[in-house]
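1. When you get a sec, could you give me coordinates for this:
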Amino acid sequence: MTYQKFIRDKEKIAIDNDKEESAVILLLEHVTGYETNELYLKMNEEIEEDIVNKFDEIFNVYLYENKPIQYLIGYSNFYGYDFIVNEDVLIPRYETEELVENILYRYDEHFSGQKVNVCDLATGSGCIAISLALEEKNMTVIGTDISKEAIKVAKQNNEKLGANVKFLIGDMLEPLKGKKFDIFVSNPPYIPEAEEVMSLVKDNEPNIALFGGDDGMKFYRIILSGLKPYLNKKAMIAFEHGYDKKEEMIALANRYFPNSKVEVLKDLEGRDRMTFIYVGDFKWEE
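-> All right, here's what the predicted structure looks like:
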């Protein structure tokens, strides 16, 4: 059997079992050690029996034990970097890559090469904090999380990827006392508690990192109501949030930062997914 036929057969099995067909390539890359381009060069070659056996062992767990493929292989790719993930942290989503990209773009636009202090609150695996630190050397980044287990994973990723992020344990803004930031970013838990969540997510990923109170807005209220003492005079605040929370985010921003500019950005699927708040002396082209 060729690699190509093997992949097609396994993708059909995944689809028939309500699983993601993309998991097949991820798992095959993990088992073989091949990069994606190397794998596609082997499509017409016969697949080795030992690879089939190794693949099937993990694939069957994915199919029938309802475990995310990222937890089974031990990592998830985010912004071009492989991050260690396990049951103590959320699996990074592609929407959050867009948040990182937009922060970097707006840093270039508004801070233009200045050294800045950045805080990533509710850092989880550290994917936002570490990606920012690796992509922009003028950013000094701190990541915080209430979960000691999550911070342990974040520190492992920091060391593995050669970043220089400092990680602190604590509830929301509490570990930031005495510190000031130019850029503040957070992708906090934002799923409303009554919202239906697919079992693959709810039964595996830490619920403390998923749910954001009755309306999904709990942590944005906590953050924005207490954030002013931690910001420099010119500061940018960046949030990821539920796609249907645009009006609520604008109202919160206007309530706690009434003289600031608020920008809501869409993700690649056209959904209102990110809110940026610009505090202080920002220059805007009309």
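
2. what are the ranges of the strands in the stretch 1-150 of the chain?
-> Secondary structure of the stretch 1-150 of the chain (DSSP state E, counting those that start in this stretch): strands at 75-78, 81-84, 116-121, 139-145.

3. Adding mean neighbour count, distance to P258 and mean pLDDT, write those out as TSV.
-> (Glycine included, C-beta is placed from N, CA and C.) Putting the strands of the stretch 1-150 of the chain into TSV (neighbours: other CB atoms under 10 Å; distance: least, CB to CB, whole Å; pLDDT from 0 to 100) gives the following:
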stretch	mean neighbour count	distance to P258	mean pLDDT
strand 75-78	20	35	91
strand 81-84	19	37	95
strand 116-121	25	22	97
strand 139-145	25	26	97
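
4. which regions of the stretch 151-286 of the chain lie under the pLDDT threshold?
-> By pLDDT under 70, the low-scoring segments of the stretch 151-286 of the chain are 190-216, 284-286.

5. For it, which segments count as helices?
-> Using DSSP state H, counting those that start in this stretch, the helices of the stretch 151-286 of the chain run over residues 199-202, 218-226, 246-256.

6. do the same with the stretch 1-150 of the chain
-> 3-16, 22-32, 36-41, 49-64, 69-73, 94-110, 127-135, 148-161.

7. Any idea which of those gets closest to A251?
-> Among the helices of the stretch 1-150 of the chain, helix 94-110 comes nearest to A251, with 20.6 Å by CB to CB.

8. what mean pLDDT does that closest one have?
-> Per-residue pLDDT over helix 94-110 has a mean of 94.

9. Flag every buried residue along stretch 250-269.
-> Neighbour counts over stretch 250-269 (16 or more other CB atoms under 10 Å) mark I250, L252, A253, Y256, F257, S260, V262, E263, V264, D267 as buried.

10. and the two most separated of the residues you listed?
-> Longest span within these, CB to CB: Y256 and D267, 24.3 Å.

11. if I pick R8, what's in contact with it?
-> R8 is in contact with no residue at all, counting by CB atoms under 8 Å, 6 or more residues apart in numbering.

12. and it, how far is that from I47?
-> 12 Å (CB to CB, to the nearest Å).

13. Could you give the number of residues near the nearest residue to L173 once chain neighbours are set aside?
-> Spatial nearest neighbour of L173, excluding adjacent residues (CB to CB, 6 or more residues apart in numbering): G226 at 5.2 Å. By other CB atoms under 10 Å, the residues close to G226 number 14.

14. What's the biggest strand in this structure, counting residues?
-> strand 231-240 (DSSP state E).

15. who's in contact with it?
-> By CB under 8 Å, 6+ apart, strand 231-240 touches 95-96, 99, 102-103, 106-107, 110-111, 117, 180-188, 190, 220, 224, 227, 249, 253, 257, 273-282.
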